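*Asks:* I would like the atomic coordinates for the input below:
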Amino acid sequence: MDVKSAIRVIATITTALLLAACQKSDTTPTPTPPPAPPSTATFAVTFGENPVPFRSTGCNGSMPQGWYTTARIQETAGVAFTPGTLTQKLDGVVASVLTESFASRFGACSGSAFTPGVIAGNGAVCDVVGVCTAETYRTYQFEVAGTDASGHALTISSPLLQFGARTTAQSIPFVSVTTTSSGPARMNAR
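*Replies:* Okay, here's the model as predicted:
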């Protein structure tokens, strides 16, 4: 090989090396995807029966008649929830006669673990809801507001609980006062 040929071989090898060094590498790192946003608690609210019949007994000691059934709030996303407020409504209006705290109303479901003041991730709370009254209503609904473990402010709204009608035998008697000119007032029950 003469010197000119050797220089051409060296130039060709050098050019090839320079081109290879300038080529984009196939091992470029792929960008790391951003972290997933924190999960949000989700809930399923169920009633033991809906519509619920009017019951003439068994509601409570001071007012035995009313509409009541069990309620279950189940967290389904695996994120704990801390309730702050409980609002109960009758016929779509906030019921001042049903003012109480979440902790005074809801507790452990039969056969499940319970931490007071919290609905555990994938956990549930249960209790009896409705109204003990001599008044007539058509619906009941509750809302629970609070914050989940991911910091999301949430409100849980129950489905509308339909109240069944009272039968004639369950009606609360209406008392009227009638006066006559010939004697004292009489009370008539209808």
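*Asks:* show me what contacts the residue nearest the centre of the chain?
*Replies:* Taking Cα atoms, centre = their mean, the centroid of the chain lies closest to I156, which sits 3.3 Å from it. Taking Cβ atoms under 8 Å, 6 or more residues apart in numbering, we find I156 in contact with F43, V45, I73, F81, E143, V144, A145. All C-beta spots, glycine's among them, are computed from the backbone N, C-alpha and C.
*Asks:* Now for those residues, which sits with the most neighbours around it?
*Replies:* F81 (27 neighbours; other Cβ atoms under 10 Å).
*Asks:* how much space between it and S158?
*Replies:* The gap separating F81 from S158 is 15 Å, by Cβ to Cβ, to the nearest Å.
*Asks:* if we can go back for a sec, quick one: which of the contacts of I156 is nearest to V125?
*Replies:* Of all the contacts of I156, I73 has the smallest distance to V125: 5.2 Å, by Cβ to Cβ.
*Asks:* How far off centre is whichever strand or helix holds that closest one?
*Replies:* Of the helices and strands defined by DSSP states H and E, I73 is found in strand 66-75. From the chain centre to the centre of strand 66-75 is a distance of 12 Å (Cα atoms, centre = their mean, to the nearest Å).
*Asks:* Show me the shaky parts of the chain.
*Replies:* Filtered on pLDDT under 70, the chain yields the residue ranges 1, 3-28, 168-190.
*Asks:* do that again at 90, thanks
*Replies:* Low-confidence segments of the chain, defined by pLDDT under 90: 1-38, 58-62, 111-113, 134, 166-190.
*Asks:* And the strands in it?
*Replies:* For the chain, the strands defined by DSSP state E cover 43-47, 54-55, 66-75, 81-90, 93-94, 124-132, 139-148, 153-157, 161-162, 175-180, 183-189.
*Asks:* got TSV for those, with distance to A108 too?
*Replies:* TSV is the format used below for the strands of the chain (distance: least, Cβ to Cβ, whole Å):
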stretch	distance to A108
strand 43-47	16
strand 54-55	24
strand 66-75	11
strand 81-90	14
strand 93-94	27
strand 124-132	7
strand 139-148	16
strand 153-157	18
strand 161-162	21
strand 175-180	43
strand 183-189	44
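*Asks:* Test my guess that D91 contacts E135.
*Replies:* No - between D91 and E135 there is no contact under Cβ atoms under 8 Å: 10.0 Å.
*Asks:* hang on, the earlier thing: any idea what the residue nearest to the centre of the chain is bridged to?
*Replies:* V144 (DSSP bridges).
*Asks:* my read: A71 touches F142, true?
*Replies:* Yes - counting by Cβ under 8 Å, A71 does reach F142; the two are 7.4 Å apart.
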